[in-house]
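A.B. asks: build me a model:
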Amino acid sequence: MTLLWPWLVIAALGAFHGMNPAMGWLFAVALGLHRRSRRAVLLAIVPIGIGHALAIAFAVGLFLAAGSLLDQAALRWGGAALLAGWALYHLVLGHRRRVRFGMQVGMFGLFLWSFLMATAHGAGLMLLPALLPLCLAASPAAELTASGSLGVALAAVALHTVAMLAVTTAAAFAVYEWVGLAVLRRGWVNLDLVWSVALFAAALLLVML
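C.D. replies: Model (predicted):
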């Protein structure tokens with residue numbers, strides 16, 4: 001059970017990211033409606049998933065590189081400070097710094113949007129509290145090294161991406177087939193606030209490890 005909760009958190013974060021329209025499913029629906037094609041919705045999921053996975057992998061790679069230079073305490077507190085600062089920025093200024101893309105972008109545009117949005121939202125940083133104990137457990141000396149943690153990190157990115165893609169696909173097809181885009185006006189919640197709270201929660205969890 002000690003090593004199970006980080007994997008569950010990583011999968012849950014993937015599902016959470018997949019529910020966010022800004023992570024890509026809204027664009028998949030818009031592309032499908034524009035082309036009047038279910039196939040377009042499905043094809044759009046591919047570049048969205050690749051972009052998100054690369055953004056997560058980039059953040060995880062920086063985390064592993066920092067772990068090889070810093071001790072565990074400095075890494076935890078530095079990561080927590082970064083998460084909290086990112087949460088505060090996203091809460092106060094994030095809605096004013098949107099990356100502007102048209103709703104009928106092509107496949108490369110979807111890939112670029114997904115990568116930029118996941119990076120700008122700090123999606124990869126959210127994985128750090130779950131990734132740290134997994135990487136430490138994978139090392140015989142209980143130390144964070146890039147080489148010793150690479151396999152665990154790749155597995156974490158893969159699990160997160162699969163969960164994200166599953167929810168993104170389900171949300172895109174549910175909205176395209178049955179719900180319709182009007183749901184964004186009728187049942188909209190403040191996702192900026194929810195996302196900022198999630199970043200703050202990740203910062204708190206990281207210092208409590």
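
A.B. asks: okay, CA-based contacts and neighbour counts for the rest of this
C.D. replies: Fine.

A.B. asks: grab the nearest non-local neighbour of the residue most central in space within the chain.
C.D. replies: Residue closest to the mean C-alpha point of the chain, counted by CA atoms, centre = their mean, is residue 123 at 3.5 Å. Distance criterion CA to CA, 6 or more residues apart in numbering; nearest residue to residue 123, sequence neighbours excluded, is residue 56 at 6.7 Å.

A.B. asks: roughly how far apart are the one you found and residue 40?
C.D. replies: Residue 56 sits 25 Å away from residue 40, going by CA to CA, to the nearest Å.

A.B. asks: quick one, which of the two is more surrounded?
C.D. replies: residue 56 (25 against 18; other CA atoms under 10 Å).

A.B. asks: in this protein, what helix or strand scores lowest on average pLDDT?
C.D. replies: Taking mean pLDDT, DSSP states H and E as the measure, the helix or strand of the chain with the lowest value is helix 183-186, at a mean of 60.

A.B. asks: what packs against the next helix-or-strand element following it?
C.D. replies: Downstream of helix 183-186, the first helix or strand assigned by DSSP states H and E is helix 191-208. Helix 191-208 is packed against helix 72-92, helix 128-138, with contacts defined by 3 or more CA pairs under 8 Å, 6 or more residues apart in numbering; DSSP states H and E.

A.B. asks: between the ones you listed, which one is nearest to residue 46?
C.D. replies: Proximity to residue 46, assessed across the helices and strands packed on helix 191-208 by CA to CA, is greatest for helix 128-138 (24.9 Å).

A.B. asks: hmm, who's touching that closest one?
C.D. replies: Contacts to helix 128-138, defined as CA atoms under 8 Å, 6 or more residues apart in numbering, come from residues 3, 5-7, 9-10, 60, 63, 79, 142-144, 148-149, 152-153, 156, 202-203, 205-206, 209.

A.B. asks: sorry, back to before: OK, contacts around the residue nearest to the centre of the chain?
C.D. replies: Residues in contact with residue 123, defined by CA under 8 Å, 6+ apart, are 17, 55-56.

A.B. asks: which one of these sits closest to residue 118?
C.D. replies: For those, the nearest to residue 118 is residue 55 (6.0 Å; CA to CA).

A.B. asks: what bits of the protein have low per-residue confidence?
C.D. replies: Scanning the chain for pLDDT under 70 picks out the ranges 1-2, 94-105, 139-148, 180-189.

A.B. asks: hmm, try it at 50
C.D. replies: Along the chain, segments meeting pLDDT under 50 span 1, 101-102.

A.B. asks: quick one, what contacts residue 11?
C.D. replies: Residues in contact with residue 11 (CA under 8 Å, 6+ apart) are 159-160, 163-164.
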